[in-house]
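Asker: fold the following for me, if possible:
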Amino acid sequence: MKYFLFFISVLIMFQYCSSKRVKPSVDINLNTQELPSQESWNAVVTFSDSGKTKAILWAGHLRKYDEKRETYLDQNIKVDFYNDEEVKTSTLTSKNGRVDETTNNLFAIDSVVVYSDSVTIHTEEMMWRNKDRKIVSDKFVTVISPQEKIEGYGFESDQNLKNYVIYKITYVTRADTIK
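Answerer: Reported below is the predicted structural model:
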C-alpha cells in the first residue's frame with residue numbers, strides 16, 4: 001500500500017512538473033525611465049561636513065532618479081539646519097520638494113515655512129542653496145519677527161535667518177499692531 005501511494009504521488013508530481021510554465025504578463029506601456037532607482041518611506045537623511053551635522057532632512061516619501069540626478073520628496077518635508085557648533089538654528093517645512101544632485105540645492109514647494117527662535121517666513125516656494133548655505137525665493141513672502149511683519153516679493157537669507165533681505169516690499173507693520 002505504501003508503494004502504491006508513493007507511485008501515485010510521483011505521478012501527480014510529474015504531471016505538475018511537466019505542465020506548461022506560466023509566464024508573467026509584462027506591461028509593454030511601462031516606461032522604466034520613469035521608475036525611481038531608489039525609493040524610501042519615512043526617510044531620514046543626515047548631511048554632514050567634516051564630521052559635523054549640518055542638516056537633518058525628514059520626508060514621508062523619497063524617490064531618487066539617477067539618470068535625472070534628482071530626488072523628489074513629498075508627504076511633508078522637514079529640514080533642521082545646524083550651525084558650526086551643531087546647534088539647531090532653524091527649521092524648514094513644506095509639503096513637497098526636490099533635490100538637484102548636481103548642485104545639492106533643495107527646492108521646497110507648497111506651504112513652505114522657515115522658522116528660527118525669532119523669525120518665521122511663509123511662502124509657496126523656496127530654495128536652499130548649498131554652495132553658500134542661503135535660503136532664497138523669488139515668490140511672495142511674509143516675514144514675521146518680534147519687531148515687525150513684512151510682506152514682499154523676493155527673499156534671501158542665511159540659513160540661520162539672522163541676516164535677511166526682502167527685495168520688493170509691499171507691506172510693513174510694527175509688531176505691536178500684529179494681532
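Asker: name the residue closest to the centre of the protein, please.
Answerer: Computing the C-alpha centroid of the chain and ranking residues by Cα atoms, centre = their mean puts Leu73 first, at 3.2 Å.
Asker: what residues does whichever strand or helix holds that one touch?
Answerer: Assigned by DSSP states H and E, Leu73 falls within strand 70-82. Contact with strand 70-82 is made by 36, 52-65, 88-101, 106, 108, 128, 159-160, as judged by Cβ atoms under 8 Å, 6 or more residues apart in numbering. Yep, even glycine has a C-beta here, placed from its N, CA and C like the rest.
Asker: got a PyMOL select line for the buried ones in these?
Answerer: Entered in PyMOL, the line below selects the buried ones among the contacts of strand 70-82, by 16 or more other Cβ atoms under 10 Å:
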select buried, resi 54+55+56+57+58+59+61+62+63+64+65+89+90+92+93+94+95+96+97+98+99+106+108+128+159+160
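Asker: quick one: which of the contacts of strand 70-82 sit in strands?
Answerer: Mapping those onto strands (DSSP state E) picks out 52-65, 88-100, 106, 108, 128.
Asker: give me the contact list for stretch 94-103.
Answerer: 59, 69-77, 105-113, 126, 129-131.
Asker: roughly how far is it from the heart of the chain?
Answerer: Here the centre of stretch 94-103 is set off from its chain's centre by 6 Å, with Cα atoms, centre = their mean, to the nearest Å.
Asker: quick one: average confidence on it?
Answerer: Across stretch 94-103, pLDDT averages out at 93.
Asker: only C-alpha atoms, please: export that stretch in CSV.
Answerer: In CSV, the C-alpha atoms belonging to stretch 94-103 read as follows (Å, rounded to 0.1, in the frame of the first residue of the first chain):
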residue,chain,number,x,y,z
SER,A,94,6.9,72.1,3.2
LYS,A,95,4.6,69.7,1.6
ASN,A,96,6.9,68.7,-1.3
GLY,A,97,10.4,69.2,-2.5
ARG,A,98,13.2,68.3,-4.9
VAL,A,99,17.0,68.0,-4.6
ASP,A,100,19.1,68.8,-7.6
GLU,A,101,22.0,66.3,-7.1
THR,A,102,24.4,68.2,-9.4
THR,A,103,24.3,71.2,-7.0
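Asker: let's verify Glu67: helix, strand, or coil?
Answerer: Secondary structure, DSSP: H, G, I helix; E, B strand; the rest coil: Glu67 is coil.
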